[in-house]
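**Student:** The sequence and its predicted three-dimensional model are supplied below.
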Amino acid sequence: MLKVGVIGLGSISEHHINPYLKNDDVELVAFCDINEQRLKDKGQQYNVPKLYSDYRELLNDQAIDAVSICTWNNSHAEIAEACLQAGKHVLVEKPLSITLEEADKVKKAAEESNKVAQVGFVRRFGNNTKILKEFIDSGELGELYYAKASILRRLGNPGGWFSDKERSGGGPLIDLGVHVIDLCWYLMGKPKPISVSGNTYSRLGNRNNIKNLDFYKAADYDPIKNDVEDLANVLIRFENGASLFVDVSFTLHMKKDETSIKLYGDQGGAEIEPELLLVKEMNNTIMNIDPQIDKKAFDYRQAFHSEVNHFIDCCLGRSVLLAPISDGYEIMKILTAVYESAESKREIYFT
Ligand SMILES: NC(=O)c1ccc[n+]([C@@H]2O[C@H](COP(=O)([O-])OP(=O)(O)OC[C@H]3O[C@@H](n4cnc5c(N)ncnc54)[C@H](O)[C@@H]3O)[C@@H](O)[C@H]2O)c1
């Protein structure tokens, strides 16, 4: 039985807590949040006995084997590094950090420990991703040489810490782009990036003036502070000649929200968002192939259960880690280079 603690008890923590409660190999024993009221409420709601307002106290608890980190982005790296140094297994939410220096420290701590260190790239755990990965691995799409992903919200700056750069590290690029850049990179076989060219824009603000249209808001919504970009785009080149284009927004003057992820190979293509679809040439005819599976779209609940159960299986030595901290570091290398490219208005080359 693994004794588990959860640090940070806001919106996403539910998607860690519920799978832990359903896992027969887990005893959920501790919670931590700097918000004392939330800590007390969640402790009562889930009947969790040990409640800490300082993560260091939780880490001093020798009985705890593994920890989920669901705090704001600015504390991910510090807490993950401390967890590994305290001998705990770690599942840290995305992004791994807000700077590359911090990501490097966690990567080193992971290398020096014999503990499981997983980053929360939940999209890798969607059933539709697993199915597509099998098609790619069996060569159905041939060599993937181009991918294109968009998560464009017309109105969707969540406010609160999301729009406070000090706590989030940035806007839609670090919040949404991190998922799709990782997913494409992973499905493309993790090619080595050689350069990025990016642009960020802060032209529309958070648009909290908009009436009559609802949108997603952070647990502690507050529109006052907004110093993050509202649109970002990037072209990433890889050593093997492949390229990836991504654009993401918190707000944009567009007709409706747009989410799409497309990958193109020399033997076939695929869409994974909004739904899994394959494209092949058969008998000199182009075929759009509609897979007959239970769920063709990304299933949030299923993916989080699969991610958390995989983490536990890895802690118990039953599985090989699918989303290691070192991948979190590689993605931070790309994200920080996009911000640098946008700031300096030039392409950034990796050495
Ligand atoms: N994987 C996904 O699809 C996904 C989706 C949403 C959010 N997230 C990530 O999850 C994290 C949390 O997001 P959220 O939407 O739950 O935010 P939230 O604001 O709802 O919750 C964050 C909680 O962390 C607490 N906290 C902050 N710093 C802390 C610290 N140092 N120690 C203890 N508690 C601390 C806050 O008080 C708050 O209760 C973010 O990093 C976000 O990027 C991931």
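**Tutor:** Looks like it came in fine. Fair warning: this is a prediction, and the values are worked out from it, not measured in the lab.
**Student:** which parts of this structure sit against the ligand?
**Tutor:** 7-13, 32-35, 38, 55, 70-73, 75, 93-94, 120, 122, 161, 175, 218-220 (CB under 6 Å from any ligand atom). C-beta: built from backbone N, CA, C; applies to glycine.
**Student:** Leaving out sequence neighbours, find the closest residue to the closest residue to the ligand within the stretch 1-150 of the chain.
**Tutor:** Going by CB to the nearest ligand atom, the ligand is nearest to residue 10 of the stretch 1-150 of the chain, at 1.7 Å. Counting by CB to CB, 6 or more residues apart in numbering, residue 219 is the residue found nearest to residue 10 once chain neighbours are left out, at 4.4 Å.
**Student:** got the end-to-end distance for stretch 11-31?
**Tutor:** With CA to CA, to the nearest Å applied, stretch 11-31 spans 14 Å between its terminal residues.
**Student:** now stretch 29-38
**Tutor:** 16 Å.
**Student:** What mean pLDDT does that stretch get?
**Tutor:** For stretch 29-38, the mean pLDDT works out to 98.
**Student:** List the buried residues of that stretch.
**Tutor:** Within stretch 29-38, the residues scored as buried using 16 or more other CB atoms under 10 Å are 29, 30, 31, 32, 33, 34, 38.
**Student:** mind putting these in JSON lines, distance to residue 204 and secondary structure included?
**Tutor:** Shown next, in JSON lines, are the buried residues of stretch 29-38 (distance: CB to CB, whole Å; DSSP: H, G, I helix; E, B strand; the rest coil):
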{"residue": "29", "distance to residue 204": "45", "secondary structure": "strand"}
{"residue": "30", "distance to residue 204": "42", "secondary structure": "strand"}
{"residue": "31", "distance to residue 204": "37", "secondary structure": "strand"}
{"residue": "32", "distance to residue 204": "36", "secondary structure": "strand"}
{"residue": "33", "distance to residue 204": "32", "secondary structure": "coil"}
{"residue": "34", "distance to residue 204": "31", "secondary structure": "coil"}
{"residue": "38", "distance to residue 204": "31", "secondary structure": "helix"}
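**Student:** List only buried entries from the residues of the chain next to the ligand.
**Tutor:** 7-10, 12-13, 32-34, 38, 55, 70-73, 75, 93-94, 120, 122, 161, 175, 218.
**Student:** On the three-state scheme, the closest residue to the ligand within the stretch 101-250 of the chain is what?
**Tutor:** Nearest to the ligand, among the residues of the stretch 101-250 of the chain, is residue 219, at 3.3 Å (CB to the nearest ligand atom). Secondary structure, DSSP: H, G, I helix; E, B strand; the rest coil: residue 219 is coil.
**Student:** Quick check, it in contact with residue 160.
**Tutor:** Yes: Residue 219 lies in contact with residue 160 (CB atoms under 8 Å); the separation is 7.0 Å.
**Student:** Return the distance of stretch 285-300 from the chain's centre.
**Tutor:** How far stretch 285-300 lies from its chain's middle: 23 Å, per CA atoms, centre = their mean, to the nearest Å.
**Student:** Give the rounded mean pLDDT of that stretch.
**Tutor:** On average, stretch 285-300 scores 97.
**Student:** what helix or strand does the nearest residue to residue 82 once chain neighbours are set aside sit in?
**Tutor:** Once flanking residues are discounted, residue 82 sits nearest to residue 59: 5.8 Å by CB to CB, 6+ apart. In this assignment (DSSP states H and E), residue 59 forms part of helix 55-60.
**Student:** Then residue 244?
**Tutor:** strand 243-249.
**Student:** List the buried residues for that strand?
**Tutor:** 244, 246, 247, 248, 249.
**Student:** re earlier: buried set for the helix holding residue 59?
**Tutor:** Those would be 55, 58, 59, for helix 55-60 by 16+ other CB under 10 Å.
**Student:** Give me the neighbour count for residue 125.
**Tutor:** 23 (other CB atoms under 10 Å).
**Student:** I meant to write residue 284 there.
**Tutor:** The burial count for residue 284: 5, using other CB under 10 Å.
**Student:** and the gap between it and the ligand?
**Tutor:** 42 Å (CB to the nearest ligand atom, to the nearest Å).
**Student:** any low-confidence regions in the protein?
**Tutor:** Regions of the chain meeting the criterion pLDDT under 70 are absent.
**Student:** for it, which helix is longest?
**Tutor:** helix 325-344 (DSSP state H).
**Student:** tell me what that helix is packed against?
**Tutor:** The helices and strands touching helix 325-344, judged by 3 or more CB pairs under 8 Å, 6 or more residues apart in numbering; DSSP states H and E, are strand 89-93, helix 100-112, strand 117-120, helix 178-187, strand 193-201, strand 231-238, strand 348-349.
**Student:** Now distance to residue 334 too, for those, in a markdown table please.
**Tutor:** Shown next, in a markdown table, are those (distance: least, CB to CB, whole Å):
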| stretch | distance to residue 334 |
| --- | --- |
| strand 89-93 | 18 |
| helix 100-112 | 10 |
| strand 117-120 | 14 |
| helix 178-187 | 6 |
| strand 193-201 | 6 |
| strand 231-238 | 6 |
| strand 348-349 | 10 |
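**Student:** Right, I'll leave it there.
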